[in-house]
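In: Give the three-dimensional model of this entry:
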Amino acid sequence: MAFTGERTRTATVMGLVALLAGAGALMVAPSAPLLGPETSGDPALAAAVRAAIDDPIGYNGLSVALIENGEVRYAGIGPSGAPGHPQIDEHTRFEIGSATKTFTAAVLADMIASGLVQPTSTLGELLPTAGPGIADITLEELASHRSGLPRQYSDGLAETWRVLSLLAGNPGNPYAGRSTEWMSSVVAPTVVPDAKAGTVEYSNVGMSLLGLALAERAGTGYPQLAAERVFEPLGMSDTEFILEGSDLPANGAIGDRPNGSFAEPWRGDGYIPAGIGTVSSAHDMAAFVSAVLDGSAPGVDAATPRFDVKHGLQVGYAWVTLDVDGTPITSHNGETGTFTSFIGFDPASKTGVVVLSNTARSVDSVGMRLLGVEALPYEPELATLVVTIVLLVASPLYLILLALRRKPYRWFRAAPDRLRVIAAVAAGVATLTLARLAGSWQLVPGWLWAVAVVVAAAGVAGLVLRWRDLRWRAGGAGWWRYGTTTFGVLASAALLALSLA
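Out: Sure thing, here's the model as predicted:
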């Protein structure tokens, strides 16, 4: 009878704790963005944009421009998220990421046309800090991603920490501290190719060094160089580079991750020529694409396909041209922590498109469909989906089984001692936090995270009630059990730190 009473009290306490935990978890449960119902601009274009989207989950707002026969139409869909600017329109500013590379390419082509540099000019000729490993790389090789330089510059432990933080769902800025001085004095003297020249390997480092070298030859900074040679001639007044430490731009959309979690804006002045910190609008990007289409853009020759890659793909200076069922589409995309972009055009039909999004879900297929060609549909990352489910199931299930275990089962023989409880609770907190920040919530309902918290909380409550009756260790060598528990707790703490730091 006493045993039954004890079980009843335990179940009651576990149920109450689960109820309270569930109420709190539901209030902060994750949810993916959903493309808003708000619309501005051309209604027919807005309808075409919605029709081009396979699944609206994971998007928040879009700003789109469609260029046909020299005429431009605009449509804004969804809220910008910015105070005082609730509705997206053609002047709402977005981070455009690597679409910036087309500006750097335009500067190069324009300076070639002006006779200031040659395609075969080398980094060693233009950049005093260029080390022997990159001195012979030509500007043309940098602009076409044929330099052999790595995608990112790795500086050992610091780079490893950044990569692990991103994998742990950390919403921080991976480019923090990557200044122009750092690019000049650290990267340029020491970086070396990791592939042979002539091999197309996408390189943010290469494009950043190209911008640095062109600015050095022009005797100015890269932001001023791009403004003078591209933005000002085309009237692109919404376009600028936001330096590290600067405030968010006026009339700027607020970015979001596709799973609904916050991410810090990406800023790193040394990587500006490659696309870090650039903001623009559909209005400005349409002006740029229109000028490339009609041949009036500074450095328009940058878009000319020059080198074959594979499978009908060619690369010019930054721009890529893909043959889609006989239709060559020239384009470039971009992605930051919370924004994506796509600019492209069909030179035969004189049609161009700009798609800007304030979530980091790809808009490539939307842009391609607006150009009249069918692209691969959006395919979610199944690996992220599987990891999310594992994180939601493993720790909560383990905690509840520990709490309810009274005798060993063939399928669950772990004895609930204090060392095991400590490690299990630490792992539960870390994994559920990671799931909340990095989970695939555009595919998994957010309330499942709340359910996982309920199960974990009930398990923890049950273990707390049993704590006084538990031994420190129920078996195994002492040094091994204490050692593995310490390692598990430290690993959980590191994971938590990576997720939240």
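
In: domains in the protein, as residue ranges please.
Out: 2-30+381-500, 64-370 (automatic domain parsing).

In: Out of those domains, name the one with the poorest average pLDDT.
Out: For these, mean pLDDT drops lowest on domain 2-30+381-500, to a mean of 84.

In: ok, back up a step: any chance of the domains of the chain in a markdown table, with mean neighbour count and distance to residue 46 too?
Out: Quick note: C-beta positions are derived from backbone N, CA and C, even for glycine. Shown next, in a markdown table, are these (neighbours: other CB atoms under 10 Å; distance: least, CB to CB, whole Å):
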| stretch | mean neighbour count | distance to residue 46 |
| --- | --- | --- |
| domain 2-30+381-500 | 17 | 22 |
| domain 64-370 | 20 | 4 |
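
In: To residue 37, which of those domains lies closest?
Out: domain 64-370 (7.8 Å; CB to CB).

In: okay, the domains of the chain in a markdown table with distance to residue 41 next?
Out: Below are these laid out as a markdown table (distance: least, CB to CB, whole Å):
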| stretch | distance to residue 41 |
| --- | --- |
| domain 2-30+381-500 | 26 |
| domain 64-370 | 4 |
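
In: Mind checking those domains for the one nearest to residue 36?
Out: domain 64-370 (3.2 Å).

In: show me where the stretch 51-200 of the chain has strands.
Out: With DSSP state E, counting those that start in this stretch as the criterion, the stretch 51-200 of the chain has strands at 62-68, 71-77, 79-82, 85-87, 93-95.

In: Among the domains of the chain, which comes closest to residue 49?
Out: So among the domains of the chain, domain 64-370 is nearest, using CB to CB, at 5.2 Å.

In: distance between the closest one and the chain's centre?
Out: Its chain's C-alpha centre and that of domain 64-370 lie 14 Å apart, by CA atoms, centre = their mean, to the nearest Å.

In: Can you get me the start-to-end distance on it?
Out: One end of domain 64-370 sits 10 Å from the other (CA to CA, to the nearest Å).

In: contacting residues around the residue nearest the centre of the chain?
Out: With distances taken as CA atoms, centre = their mean, residue 337 lies nearest the centre of the chain, 3.5 Å away. Applying CB atoms under 8 Å, 6 or more residues apart in numbering to residue 337 gives the contacts 171, 173-174, 255, 257, 263-266, 360.

In: Look up which helix or strand it falls in, please.
Out: If you go by DSSP states H and E, residue 337 is not part of any helix or strand.

In: Could you do residue 490 as well?
Out: Taking DSSP H and E as the definition, residue 490 sits inside helix 478-500.

In: ok so, going back, can you tell me which of the contacts of residue 337 lies nearest to residue 108?
Out: For the contacts of residue 337, the residue nearest residue 108 by CB to CB is residue 266; the value is 23.4 Å.

In: Got the phi and psi for the nearest residue to residue 257 once chain neighbours are set aside?
Out: Residue nearest to residue 257 in three dimensions, not counting chain neighbours: residue 263, with 5.2 Å by CB to CB, 6 or more residues apart in numbering. For residue 263, the backbone dihedrals (degrees, to the nearest 10) come out as phi -140, psi 140.

In: mind checking the SS state of residue 280?
Out: Recorded secondary structure, residue 280: strand (DSSP: H, G, I helix; E, B strand; the rest coil).

In: Specify the beta-bridge partners of it.
Out: Per DSSP bridges, the residues bridged to residue 280 are residue 94.

In: contacting residues for it?
Out: Each residue near residue 280 by CB under 8 Å, 6+ apart is listed here: 93-94, 96, 99, 236, 238-239, 356.

In: mind giving me a markdown table with these and columns for distance to residue 414?
Out: Putting these into a markdown table (distance: CB to CB, whole Å) gives the following:
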| residue | distance to residue 414 |
| --- | --- |
| 93 | 54 |
| 94 | 50 |
| 96 | 51 |
| 99 | 52 |
| 236 | 63 |
| 238 | 59 |
| 239 | 59 |
| 356 | 51 |
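
In: got a list of contacts for stretch 19-39?
Out: Applying CB under 8 Å, 6+ apart, the contact partners of stretch 19-39 are 46, 50, 53, 56-62, 75-79, 86-88, 256, 258-261, 359, 436, 439, 441-442, 446-447, 449-451, 453-454, 456-458.

In: what about that stretch, distance to the chain center?
Out: A distance of 21 Å separates the centroid of the chain from that of stretch 19-39, by CA atoms, centre = their mean.

In: Regarding it, how distant is the last residue from the first?
Out: When the termini of stretch 19-39 are compared using CA to CA, they are 40 Å apart.

In: Can you tell me how far the closest residue to residue 256 other than its chain neighbours is from residue 81?
Out: Nearest non-adjacent residue to residue 256, counting by CB to CB, 6+ apart: residue 359, 4.8 Å away. According to CB to CB, to the nearest Å, residue 359 stands 10 Å off from residue 81.

In: Kindly point out which residues are neighbours of both of those two.
Out: When contacts are counted by CB under 8 Å, 6+ apart, residue 359 and residue 81 have 60, 256 as shared neighbours.

In: Cheers, nothing more for now.
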